[in-house]
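In: Take this sequence and fold it.
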Amino acid sequence: MRGGRGVVAHAVSIRPELEGVPLAEAQHRAEAVVRSCERDGIEIIGYCDPDYPEPLRRIPDPPAVLYARGNVGALRQCGLAVVGTRRASSSGVRIAGAIASHLAERRIAVVSGLALGIDRATHQGALDAGGITVAVLAHGLDTVSPRSHAYLADDIVCHDGALLSEHPPGTPPRPAEFVRRNRIQSGISVGSVVVESGQTGGSIHQARFTARQERLLLTVLKSKQSDDLNQAGAHRIVSELGAIPIRTMTDLDAQLAGIVPLAELVGAADLCEPQEVAVQSRFEL
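Out: Sure thing, here's the model as predicted:
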């Protein structure tokens with residue numbers, strides 16, 4: 001148990017909803033949290049712990065404590081967040097999976113939020129390529145939201161990935177926390193790629209956190225705009241937040257080249273047109 005009872009007691013005591021709770025009561029609650037974590041195989045990582053992700057320490061409001069299930073070492077691996085709408089199009093799902101596989105083949109951890117749509121495709125794409133993926137959750141690690149993704153959460157843990165949260169076991173999903181967790185997704189990553197997004201929603205919040213943290217912000221712009229409503233968010237974050245548009249894997253690699261150590265980069269696939277491209281294996285975009 002890396003963080004120990006003291007750091008958990010501190011984290012519990014500073015939670016806004018517990019303002020004014022005596023330290024002794026916080027300590028009592030911390031003991032319950034530690035027991036729950038020990039029972040469920042959840043690691044507690046304090047801010048000063050060597051396993052605390054260094055990039056996350058540098059954001060304006062880092063969590064005092066993290067809870068992790070799975071391979072804690074995955075949190076130290078260079079990672080890129082890939083996010084997007086829950087109401088993904090078929091091309092968006094294909095693109096997200098292809099980007100995740102492309103990153104995984106280059107030993108870059110793939111970070112997302114385990115939601116429906118783009119997040120699911122992102123985690124699955126990384127797993128299919130034999131890579132490591134990290135899911136950042138907005139609630140305690142004793143549950144999975146949506147419940148239909150419990151199998152995916154187990155796959156992530158079983159394949160050297162990790163589930164991560166700032167919330168202790170027993171914390172239910174709350175709408176505001178889904179927004180706040182985006183700062184952690186971007187905070188543990190060198191940057192974020194928004195695959196599809198409407199004008200509002202979690203991906204816009206992710207983009208704002210990424211820009212605020214001065215991390216690399218990319219968005220997929222499809223070659224054919226047509227009437228795809230999921231492109232509205234991409235244009236918004238380009239114009240308002242200065243996101244860099246990408247259309248090919250070569251575009252992606254060019255942006256990453258200066259900040260992460262990449263293996264030999266081959267293949268210039270168009271992200272937005274169905275085709276097959278040779279990298280280390282063949283996959284369809």
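In: residue ranges of the helices in the chain, please?
Out: In the chain, helices defined by DSSP state H lie at 4-13, 23-40, 54-57, 90-105, 118-128, 150-158, 175-187, 202-212, 232-241, 249-256, listed in chain order.
In: Which one, of those, ends up nearest to residue 70?
Out: Nearest of the helices of the chain to residue 70, taken as CB to CB: helix 150-158 at 3.9 Å. For glycine as for every other residue, the C-beta is placed from the backbone atoms N, C-alpha and C.
In: got the buried residues for the closest one?
Out: Buried residues in helix 150-158, counting neighbours by 16 or more other CB atoms under 10 Å, are found at 152-153, 156-157.
In: Go through these and say which is closest to residue 210.
Out: Set against residue 210, the nearest of those by CB to CB is residue 156 (22.0 Å).
In: circling back: adding distance to residue 116 and pLDDT, write the buried residues of helix 150-158 out as TSV.
Out: Listed next are the buried residues of helix 150-158 as TSV, based on distance: CB to CB, whole Å; pLDDT from 0 to 100:
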residue	distance to residue 116	pLDDT
152	11	98
153	13	98
156	16	98
157	19	98
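In: For the residues you listed, please prepare TSV with the additional fields distance to residue 221.
Out: TSV is the format used below for the buried residues of helix 150-158 (distance: CB to CB, whole Å):
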residue	distance to residue 221
152	28
153	31
156	29
157	34
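In: Can you report how many residues neighbour the closest residue to residue 170 other than its chain neighbours?
Out: Using CB to CB, 6 or more residues apart in numbering and skipping residues adjacent in sequence, the residue nearest residue 170 is residue 140, 5.2 Å away. Summarising burial for residue 140: neighbours were counted as other CB atoms under 10 Å, giving 21.
In: Show the low-confidence segments of the stretch 101-250 of the chain, by residue range.
Out: By pLDDT under 70, the weakly predicted segments of the stretch 101-250 of the chain are 223-229.
In: I'd like to know the average pLDDT value across stretch 257-265.
Out: Over the span of stretch 257-265, the pLDDT mean works out to 58.
In: ok, of the buried residues of helix 150-158, which one's closest to residue 130?
Out: Taking CB to CB as the measure, residue 130 lies nearest residue 156 of these, at 12.9 Å.
In: quick one: contacts for the closest one?
Out: 70, 123, 127, 133-135, 162-163 (CB atoms under 8 Å, 6 or more residues apart in numbering).
In: got a markdown table for the residues you listed, with distance to residue 147 and neighbour count too?
Out: As requested, these are exported to a markdown table (distance: CB to CB, whole Å; neighbours: other CB atoms under 10 Å):
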| residue | distance to residue 147 | neighbour count |
| --- | --- | --- |
| 70 | 19 | 26 |
| 123 | 16 | 30 |
| 127 | 19 | 22 |
| 133 | 19 | 30 |
| 134 | 20 | 30 |
| 135 | 14 | 28 |
| 162 | 20 | 24 |
| 163 | 14 | 21 |
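In: Now, those that are in strands?
Out: Assigned to strands by DSSP state E, the following of the contacts of residue 156 qualify: 70, 133-135, 162-163.
In: among the helices of the chain, which is nearest residue 80?
Out: Of all the helices of the chain, helix 90-105 comes closest under CB to CB, at 5.8 Å.
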